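Trainee: need coordinates for the following:
(chains A, B, C and D)
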Protein chains: 2
Amino acid sequence: MSPPTTRRRRRAHDPESVLATAVGVFNERGYDGTSMEDLARALGVTKSAIYHHVPGKEQLLARALERALDGLSAVVGDERAASGGPAIERLEWAVRQSVHILVDRLPYVTLLLRVRGNSRTEQAALERRREFEGFISRLVKEAAAEGSIRPDVDPALVTRLLSGTVSSITEWYRPAPGASADDLADALLKMTFSGLRV
Amino acid sequence: MSPPTTRRRRRAHDPESVLATAVGVFNERGYDGTSMEDLARALGVTKSAIYHHVPGKEQLLARALERALDGLSAVVGDERAASGGPAIERLEWAVRQSVHILVDRLPYVTLLLRVRGNSRTEQAALERRREFEGFISRLVKEAAAEGSIRPDVDPALVTRLLSGTVSSITEWYRPAPGASADDLADALLKMTFSGLRV
DNA sequence: TTGTCAACTGACCGAATGTTCGGTAAACAC
DNA sequence: GTGTTTACCGAACATTCGGTCAGTTGACAA
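Mentor: Got it, this is the predicted structure:
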C-alpha cells in the first residue's frame, strides 16, 4: 500500500539522490572544498556507501556538469532549428531561454559556472561552455551588424556584460513561489535592453 | 645610495611578492584547489620557504581578501563624505567607482567574489561583502523612491542584477593597453542605465 | 523458512595535505 | 677577515584525502 513507509530506512539512496545531494554540497563548499566525508555526512551514510551508488567524486562532478551543459546545448539547437527573424529578437529569445535553463537546473549550472579547469573533466566542461558563449557572441554581432544594438559599445564587450549578468543570477537566485523564471528574464531584459533609467 | 638592493637577487621573495603570486594561483585553481606545493612551484622555491615569509595558507587568503574589501569600503566612505545630489547619480558614481576598484585590484576582488564561507576567515569576508551590497541596495532604493528608476522592476532585483553585472567583470576582464576602467564603466552604465537597444 | 541481493558498515590503504624544524649558505656589517 | 642576519632547503610530522574490500543487515520472493 504505502510506498516507502516510515519504516527503518533501508533503501534510502540511489545514484540520482546521491548526485542531487552532492551538487548541493559542492555548491555550498566548492568542489575542491568538499570531502567525501562531507558528502557522506550530508547523505546520512558512511563514506564507503557512496561508492555503492557512484564510481567516485569526479564522476559526480562530470554528471552534474553534463546536466547543465545539455540544457545550454538545447538552447543552441532550438535556435538553429527555428532561426529567422531579426537577430536582436533571436538574441532576446536566447537570453530568455538561458535564464530558464539556469533556473530549472540551478544547482547544476551554478556548479558549471564555477569550474576552473583543474582536471580533464573540468577542462572538457569549459570547452563546451565556450561553445555556448560563442553562440551568444554570434547573435550579438549579428544584432550589431543589423543596427539593432547601440553602436557606441563594442559587441564583444556587450557579449561579456550580457552573459555575465545572466550568469550572476546563480549567485543569488533561490526558487520561490513568488518569482518565476519568466519574471526574472523580463526584468533582466528590461534592464539590459531598455535600461533602468526612466 | 642605491635604493633597496637592485643586486643579484638570490633572495627573491618577500611577503608582498608571495602574496601576489599566491593570489594569482588561487584564482587559477581555486583556493581549496591550490596546495602549498603548487604555490612553491609558482614561486620557484620549496614549500618550507613560504613559511619564512608568511604564517600560512589561510593568512595569505585573509590578507588578499582584506585588500579587496578595503577598496570597496573606501567607496562607501567616499560616498558618505560627499553625499548630496540625486540618488540615481550617486548610484551611477558608486557603480563607476566599484568598477575602478575591481579593475585596480582585480586578482584580490576576484578571489573575494569566489569565497564560499568555508572558514572563519571566509565568513568574516562574506560579512564585510554583504555590508557593501547593502550600501548599493540602499542607493537603488533611494533612486527608485526618487522616481529615477523604471517602476516595473523590483528594486531588490535591480540591485542583484546590477551588482551581478559588475561582479561578473572579474570572470573575463584582463588589463590591456586599449581598455581603461573608465571605458569599461561607461559601457556597463550605458547598457544597464540606458539599454542596449537603439 | 530460507535464500537472494542490494544497501550499507567499519577497518583499512597509499598518497597528498598544511606545517614544523634543524641545518646551510649567501649577503651584509664591522 | 669574523659575526650576524636572512632566505632557503630537505626531511620529517600528524592529519586528511579519495578510494577499496570483506563482511553484515534488512527487505522481499518463493
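Trainee: going forward, measure contacts and count neighbours with C-alpha atoms only.
Mentor: Fine.
Trainee: enumerate the residues of chain A near DNA strand C.
Mentor: By CA under 7 Å from any atom of the strand, the part of chain A that sits against DNA strand C consists of A:9-14, A:44-49, A:52-53.
Trainee: buried ones among those?
Mentor: Buried subset of these (neighbour count, 16 or more other CA atoms under 10 Å in any protein chain shown): A:13, A:47.
Trainee: for the residues of chain A next to DNA strand C, which one is nearest residue B:108?
Mentor: Residue B:108 lies nearest to residue A:47 out of these, by CA to CA, at 35.5 Å.
Trainee: so what's that closest one closest to, chain neighbours aside?
Mentor: Nearest residue to residue A:47, sequence neighbours excluded (CA to CA, 6 or more residues apart in numbering or on different chains): residue A:40, at 5.0 Å.
Trainee: circling back: need the residues of chain A next to DNA strand C in CSV (columns: secondary structure, distance to residue B:70 and pLDDT).
Mentor: Below are the residues of chain A next to DNA strand C laid out as CSV (DSSP: H, G, I helix; E, B strand; the rest coil; distance: CA to CA, whole Å; pLDDT from 0 to 100):
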residue, secondary structure, distance to residue B:70, pLDDT
A:9, coil, 51, 49
A:10, coil, 52, 59
A:11, coil, 51, 72
A:12, coil, 48, 81
A:13, coil, 46, 93
A:14, coil, 47, 94
A:44, coil, 41, 95
A:45, coil, 43, 96
A:46, coil, 43, 96
A:47, helix, 41, 97
A:48, helix, 45, 97
A:49, helix, 45, 97
A:52, helix, 48, 96
A:53, helix, 46, 97
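Trainee: who are the packing partners of the helix or strand encompassing residue A:28?
Mentor: Counting by DSSP states H and E, the element that carries residue A:28 is helix A:15-29. Contact partners of helix A:15-29 among helices and strands, from 3 or more CA pairs under 8 Å, 6 or more residues apart in numbering or on different chains; DSSP states H and E: helix A:36-43, helix A:47-53, helix A:57-81, helix A:106-112.
Trainee: can stretch A:89-108 be found next to chain B?
Mentor: No. Under the criterion of CA under 8 Å from any CA of the partner chain, stretch A:89-108 makes no contact with chain B; the nearest approach is 10.7 Å.
Trainee: between the two ends of stretch A:168-180, how far is it?
Mentor: By CA to CA, to the nearest Å, the extent of stretch A:168-180 from end to end equals 17 Å.
Trainee: do stretch A:44-59 as well
Mentor: Its start and end residues considered, stretch A:44-59 measures 20 Å (CA to CA).
Trainee: which residues touch it?
Mentor: Residues external to stretch A:44-59 that are found in contact with it (CA atoms under 8 Å, 6 or more residues apart in numbering or on different chains): A:13-15, A:18, A:36-37, A:39-40, A:60, A:121.
Trainee: can you pull out the low-pLDDT segments for chain A?
Mentor: Within chain A, the ranges that satisfy pLDDT under 70 run A:1-10.
Trainee: repeat that for 50
Mentor: Along chain A, segments meeting pLDDT under 50 span A:1-9.
Trainee: gap between residue A:40 and residue B:104?
Mentor: Residue A:40 is 42 Å from residue B:104, by CA to CA.
Trainee: the two: who's more crowded?
Mentor: residue A:40 (18 against 15; other CA atoms under 10 Å in any protein chain shown).
Trainee: so what's that one up against?
Mentor: A:46-47, A:49-50.
Trainee: which SS state does residue A:152 fall under?
Mentor: Recorded secondary structure, residue A:152: coil (DSSP: H, G, I helix; E, B strand; the rest coil).
Trainee: now for the closest residue to residue A:190 other than its chain neighbours, how many residues are close by?
Mentor: Once flanking residues are discounted, residue A:190 sits nearest to residue A:196: 7.4 Å by CA to CA, 6+ apart. As a burial measure, residue A:196 scores 26 neighbours (other CA under 10 Å).
Trainee: chain B: which of the contacts of residue A:40 is nearest?
Mentor: Distance to chain B, by CA to the nearest CA, is smallest for residue A:47 among these, at 20.4 Å.
Trainee: can you tell me which helix in chain A is longest?
Mentor: Secondary structure assigned by DSSP state H gives helix A:120-146 as the longest helix of chain A.
Trainee: elements contacting it?
Mentor: By 3+ CA pairs under 8 Å, 6+ apart, helix A:120-146 packs against helix A:57-81, helix A:87-104, helix A:155-167.
Trainee: would JSON lines of those with distance to residue B:71 be doable?
Mentor: As requested, the helices and strands packed on helix A:120-146 are exported to JSON lines (distance: least, CA to CA, whole Å):
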{"stretch": "helix A:57-81", "distance to residue B:71": "34"}
{"stretch": "helix A:87-104", "distance to residue B:71": "31"}
{"stretch": "helix A:155-167", "distance to residue B:71": "22"}
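Trainee: quick one, domains of chain A?
Mentor: Following automatic domain parsing, one finds the domains of chain A at A:15-53, A:64-194.
Trainee: related to what we said a few turns ago, close to DNA strand D, is the longest helix of chain A?
Mentor: No. Counting by CA under 7 Å from any atom of the strand, DNA strand D is not contacted by helix A:120-146; separation bottoms out at 12.2 Å.
Trainee: how about that helix: buried residues?
Mentor: Neighbour-count burial for helix A:120-146, with 16+ other CA under 10 Å as criterion, is recorded at A:121-122, A:125-126, A:128-129, A:132, A:135-144.
Trainee: next: stretch A:145-155.
Mentor: A:148-150, A:153, A:155.
Trainee: next one: residue A:128 from DNA strand D, what distance?
Mentor: 23 Å (CA to the nearest atom of the strand, to the nearest Å).
Trainee: the closest residue to that residue other than its chain neighbours and chain B, how far apart?
Mentor: Using CA to CA, 6+ apart and skipping the chain neighbours, the partner closest in space to residue A:128 is residue A:69 (7.0 Å). Using CA to the nearest CA, to the nearest Å, residue A:69 is found at 19 Å from chain B.
Trainee: my guess is residue A:69 contacts residue A:129, does it?
Mentor: Yes. Here residue A:69 reaches residue A:129: they are 7.0 Å apart, a contact under CA atoms under 8 Å.
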